[in-house]
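J.: turn this into a structure:
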Amino acid sequence: MQVPLQITFRNFPRSDAVEARIREKVAKLEEFYSRITSCRVVVEQRDRHHHQGKQFTVRLDIRVPGHELAIDRDHHEDIYVAVRDAFDAAARKLEDVARVQRGDVKAHELPQHGKVARLFPEEGYGFIETGDGRELYFSRDNVLEPSFNQLEIGTAVQFIEEVASQGRQAKRITVGKHRPLAD
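T.: Predicted structure coming up:
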């Protein structure tokens, strides 16, 4: 880490045992993701509730190149559970950051809009007319909502266009909120 670890205790005295646990957890995060530039941990005891004992909040502010992560975990009666949960959440967020930086995050295609042009109910397939006038094949299995049997010619649909073994096809077809097609 470029900036030394900062640990702050609020509304209760500093604890060597809790601080040691936090340092262990930070060391594990650094093993997992070595590019952490700074980490600030705030452990706070919240006001007592009538039916509950002490409540603890753990806040982590972690900086890595290009990202600032803020994790808040609160209302735990056991301070060690609060620390564990906060660091588990931090590990998940760091894993997401690492995935993005490696390029492992799959970009989801934006759905296209069209209308049902032809249907062959007995055979279980049909064709969608796209906004640019092309027709794409789709099968019964690619209709998510409503069911294939509820589709009618002219129904506005939303879909994803994908390459299949027989060429481009419409997949994940749904009927719902759609922008109107230009005529």
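
J.: for the rest of this, base every contact and every neighbour count on C-alpha atoms.
T.: Fine.

J.: so for this protein, which residue is the most central one in space?
T.: Asp96 (8.5 Å; CA atoms, centre = their mean).

J.: buried sites along stretch 168-176?
T.: Gln169, Ala170, Lys171, Arg172, Ile173, Thr174, Val175 (16 or more other CA atoms under 10 Å).

J.: how close does the fourth one sit to Asp141?
T.: The span separating Arg172 from Asp141 equals 9 Å under the rule CA to CA, to the nearest Å.

J.: C-alpha coordinates for the helix ranked longest in the chain, CSV please?
T.: Ranked by number of residues, the top helix in the chain under DSSP state H is helix 79-102. Presented in CSV, the C-alpha positions along helix 79-102 are these (Å, rounded to 0.1, in the frame of the first residue of the first chain):
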residue,chain,number,x,y,z
ILE,A,79,-17.7,-6.7,16.4
TYR,A,80,-15.8,-9.6,14.8
VAL,A,81,-18.9,-10.5,12.7
ALA,A,82,-19.1,-6.9,11.6
VAL,A,83,-15.4,-6.9,10.6
ARG,A,84,-15.7,-10.2,8.8
ASP,A,85,-18.8,-9.1,6.9
ALA,A,86,-17.3,-5.8,5.8
PHE,A,87,-14.1,-7.5,4.6
ASP,A,88,-16.0,-10.2,2.8
ALA,A,89,-18.0,-7.5,0.9
ALA,A,90,-14.7,-5.7,0.2
ALA,A,91,-13.3,-8.9,-1.3
ARG,A,92,-16.3,-9.2,-3.6
LYS,A,93,-16.0,-5.6,-4.8
LEU,A,94,-12.3,-6.0,-5.4
GLU,A,95,-13.0,-9.2,-7.4
ASP,A,96,-15.4,-7.2,-9.5
VAL,A,97,-12.8,-4.5,-10.1
ALA,A,98,-10.1,-7.1,-11.0
ARG,A,99,-12.6,-8.7,-13.4
VAL,A,100,-13.2,-5.4,-15.2
GLN,A,101,-9.5,-4.6,-15.3
ARG,A,102,-8.7,-8.0,-16.9
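
J.: now the strands: where do they sit in the protein?
T.: Secondary structure of the chain (DSSP state E): strands at 6-10, 38-46, 55-64, 67-76, 112-120, 125-130, 135-139, 143-145, 156-164, 167-174.
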